[in-house]
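> when you get a sec, could you give me coordinates for this:
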Amino acid sequence: MNVKSRNIAVVNFIGVIEERNARLIQSLIVSKLEMYKEQKIKAILVSFKSAVYKENSKGLASLIKILDALARSTGLSIAIIDYDIELFKILKRVAKGTKVKLFKNENVATLFLDPKVYKKTICVLVYDEDEQNSKDLASELSKYGYSVIRAKDSKEFQERMNEKAHDIIITQSALNEKINKEVESKNKLLLSKKLIVNLPVFMDTAVETLVSFTGLQAQKSAHSIKGFDTGIDVDNICAVMHFKGDLEGFFTLVFPKSLAIIALESLLGEKISDNDMDTLRDGVGEFCNIITGSTKTAFDKKDIKILFDLPKTYNSLKATQGHIGENNGVWIDMQLADKPFYMFITK
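Numbering: from 1, shown residues only. This next block holds a predicted model:
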């Protein structure tokens with residue numbers, strides 16, 4: 001057993017996946033519960049790197065049943081990692097309806113189960129003419145695990161706005177008011193302060209959800225404030241969902257066609273034809289559904305009530321822009337399996 005982060009421990013499953021070895025894993029975890037409690041462990045990863053699966057073995061079902069019972073009785077998150085794609089198909093079926101989670105590898109699991117690891121890579125630039133409010137905003141964001149740069153005055157804020165060191169900008173006075181004509185034309189953003197503060201929720205849940213469902217690596221790479229970009233020179237499939245409630249706007253997911261095929265094949269475990277546009281549109285729409293569903297759950301935990309309409313899908317960037325309009329928003333460059341895709345959030 002290795003403790004891999006402040007909150008996560010790894011247990012290696014060695015040998016054939018059968019009931020006898022499943023019971024050994026159960027005994028090992030139970031024997032370590034007191035230590036887990038002392039070290040404030042919140043999640044246990046069972047690694048299949050050294051495991052051997054025999055087809056039609058009942059051992060896998062026994063293991064899932066044991067791990068599910070442990071997760072329910074201890075309150076710990078328990079996940080299986082380090083499996084191949086063939087075993088994943090079986091695990092997905094056997095683990096359905098249980099509390100046992102499935103992640104491609106340790107990095108993916110850590111990203112999902114210990115989100116502060118990801119949040120610490122998000123840097124927020126904060127400025128407010130009211131210095132106390134600026135300090136309060138910076139303090140609150142720090143509590144949530146984000147890195148914070150607090151500009152002391154408007155000059156420093158304008159200088160830092162064009163730096164690439166930060167991912168999100170939060171300000172009372174600059175995003176919705178004119179600092180100067182150049183900043184106004186490039187960066188005017190009509191999103192509410194409450195939505196701007198909660199933009200990382202969209203990013204976190206997109207990464208976590210896509211990783212969890214496809215087993216592929218996902219990450220955010222950059223962001224900018226601009227209108228919807230119709231100049232991406234590849235075939236794209238877009239899904240748009242309007243949301244309303246305590247927050248209001250449009251959430252748009254843009255998947256290049258080639259990446260949509262990769263992601264759907266990873267999710268479904270079967271070959272997707274590049275001519276099957278109905279399946280590709282439905283698939284990107286479903287990814288949008290899954291991401292916004294996870295986002296809604298995250299907002300519910302923060303007592304923020306938000307409703308998403310059903311997704312509308314397009315295979316034209318111009319048609320997508322026609323639906324959401326030409327207002328500036330936050331354009332977010334993302335990556336899945338080292339290939340780019342995009343999110344856009346606007347009023």
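
> tell me who's in contact with residue 135.
Residues counted as contacts of residue 135 (C-beta atoms under 8 Å, 6 or more residues apart in numbering) are residue 150. In this view, the C-beta of every residue, glycine as well, is placed from N, C-alpha and C.

> hey, C-alpha coordinates of the one helix or strand residue 158 maps to in PDB?
Residue 158 is located in helix 154-161, with elements delineated by DSSP states H and E. Output of helix 154-161 as PDB, limited to C-alpha atoms (Å, rounded to 0.1, in the frame of the first residue of the first chain):
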ATOM      1  CA  SER A 154      -5.700  49.800 -12.200                       C
ATOM      2  CA  LYS A 155      -2.300  50.300 -13.800                       C
ATOM      3  CA  GLU A 156      -1.000  46.900 -12.500                       C
ATOM      4  CA  PHE A 157      -4.300  45.300 -13.500                       C
ATOM      5  CA  GLN A 158      -4.000  46.600 -17.100                       C
ATOM      6  CA  GLU A 159      -0.400  45.400 -17.300                       C
ATOM      7  CA  ARG A 160      -1.300  41.900 -16.000                       C
ATOM      8  CA  MET A 161      -4.400  41.500 -18.100                       C
END
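
> pull out the buried positions in that helix.
By neighbour count with 16 or more other C-beta atoms under 10 Å, helix 154-161 contains the buried residues 157, 158, 160, 161.

> biggest helix in the protein, by residue count?
In the chain, taking DSSP state H as the definition, the longest helix is helix 277-301.

> helices or strands next to the next helix or strand after it in the packing?
Once helix 277-301 ends, the next helix or strand along the chain (criterion: DSSP H and E) is strand 306-308. Here strand 306-308 touches strand 236-245, helix 277-301, going by 3 or more C-beta pairs under 8 Å, 6 or more residues apart in numbering; DSSP states H and E.

> pLDDT added to the buried residues of helix 154-161, as CSV?
Shown next, in CSV, are the buried residues of helix 154-161 (pLDDT from 0 to 100):
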residue, pLDDT
157, 83
158, 80
160, 82
161, 75
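
> what stretches of the stretch 1-150 of the chain score poorly on pLDDT?
1-6, 56-57, 107-108, 111-122, 133, 143-145 (pLDDT under 70).

> tell me what angle the longest helix of the chain forms with strand 236-245.
Per axes from the mean of the first three to the mean of the last three C-alpha atoms, to 10 degrees, the angle that helix 277-301 makes with strand 236-245 is 30 degrees.

> check which residues of the host helix or strand of residue 335 are buried.
Taking DSSP H and E as the definition, residue 335 sits inside strand 329-336. For strand 329-336, burial by neighbour count (16+ other C-beta under 10 Å) applies to 329, 330, 331, 332, 334, 335, 336.

> with stretch 272-292 instead?
For stretch 272-292, the neighbour count (16+ other C-beta under 10 Å) marks 272, 280-292 as buried.
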